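Colleague: My questions concern the predicted model and sequence given below.
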Amino acid sequence: MTPLMRPPTLDDVEFIANHMRKADVEECAASGFTPLGALLQSIDLSIVCKCAIAPDTGQPGFVMGVCPSTLGPSWGAIWLLGTDDIKRHRVLFLRHSREVLASLYEETGKEVFYNYTFIENSVHHEWLRWLGFKFLRKVSLPPHGQQFIEFVKLKG
């Protein structure tokens, strides 16, 4: 969203949880989490975690990170949860997404990023495709058996 990226604070996390995009709230619920619970667990498990600050309001726009994976040492589970500032600052968000993604590969030392996206989170799907992620398959995930799409991208 903006070049101003920093580690998230508890205030950032609470703000994003209380102002999270509807599609992200639904994705959290499908995964069995509240927005705050999803953010706290994701941050706690992350190797690297960043918060983007909206340039006009100074408020946090999203938090993203990379968690270790059981698939091997070169794999990382990438995630992002945010507010509607992502839409409001769409051009800025898109302009910096690729460089932030590249920096996450470098900072984590991972060669492959993957995760699952809620099947109904279409804006998220468009962004992932734009970044070069490939969609592999639809899967039902616990705890509610909701449909998600597995996605993956190799470094480079």
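Modeller: Okay, I see it.

Colleague: Now find how far off-centre the host helix or strand of S97 is within its chain.
Modeller: Element membership for S97 (DSSP states H and E) is helix 90-108. Per CA atoms, centre = their mean, to the nearest Å, the displacement of helix 90-108 from the mean C-alpha position of its chain is 11 Å.

Colleague: Just name whatever secondary elements it is in contact with.
Modeller: If contacts are counted by 3 or more CB pairs under 8 Å, 6 or more residues apart in numbering; DSSP states H and E, helix 90-108 sits against strand 48-53, strand 60-68, strand 75-82, strand 112-118, helix 122-131. In short, each C-beta sits where N, CA and C put it, glycine included.

Colleague: show me what contacts V63?
Modeller: 8, 12-13, 16, 39, 42-43, 49-52, 80-82 (CB atoms under 8 Å, 6 or more residues apart in numbering).

Colleague: try it again with 10 Å
Modeller: Taking CB atoms under 10 Å, 6 or more residues apart in numbering, we find V63 in contact with 7-8, 12-13, 15-17, 39, 42-43, 46, 49-52, 79-83.

Colleague: Can you redo the helices and strands packed on helix 90-108 as a markdown table, where the extra columns are mean pLDDT and distance to H96?
Modeller: Below are the helices and strands packed on helix 90-108 laid out as a markdown table (pLDDT from 0 to 100; distance: least, CB to CB, whole Å):
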| stretch | mean pLDDT | distance to H96 |
| --- | --- | --- |
| strand 48-53 | 94 | 8 |
| strand 60-68 | 95 | 11 |
| strand 75-82 | 96 | 13 |
| strand 112-118 | 98 | 17 |
| helix 122-131 | 92 | 11 |
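
Colleague: just so I know, which of these lies nearest S31?
Modeller: strand 112-118 (7.7 Å; CB to CB).

Colleague: helices or strands up against that closest one?
Modeller: Judged by 3 or more CB pairs under 10 Å, 6 or more residues apart in numbering; DSSP states H and E, strand 112-118 is in contact with helix 22-30, strand 60-68, strand 75-82, helix 90-108, helix 122-131, strand 134-141, strand 146-154.

Colleague: That one: how far from the chain's middle?
Modeller: 9 Å.

Colleague: Convert the C-alpha atoms of that strand to PDB, please.
Modeller: Listed next in PDB are the C-alpha coordinates belonging to strand 112-118 (Å, rounded to 0.1, in the frame of the first residue of the first chain):
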ATOM      1  CA  VAL A 112       8.600 -21.000  -2.500                       C
ATOM      2  CA  PHE A 113       5.600 -19.200  -1.000                       C
ATOM      3  CA  TYR A 114       2.200 -20.900  -0.800                       C
ATOM      4  CA  ASN A 115      -1.000 -20.800   1.200                       C
ATOM      5  CA  TYR A 116      -4.800 -21.200   0.800                       C
ATOM      6  CA  THR A 117      -7.200 -18.500  -0.100                       C
ATOM      7  CA  PHE A 118     -11.000 -18.600   0.700                       C
END
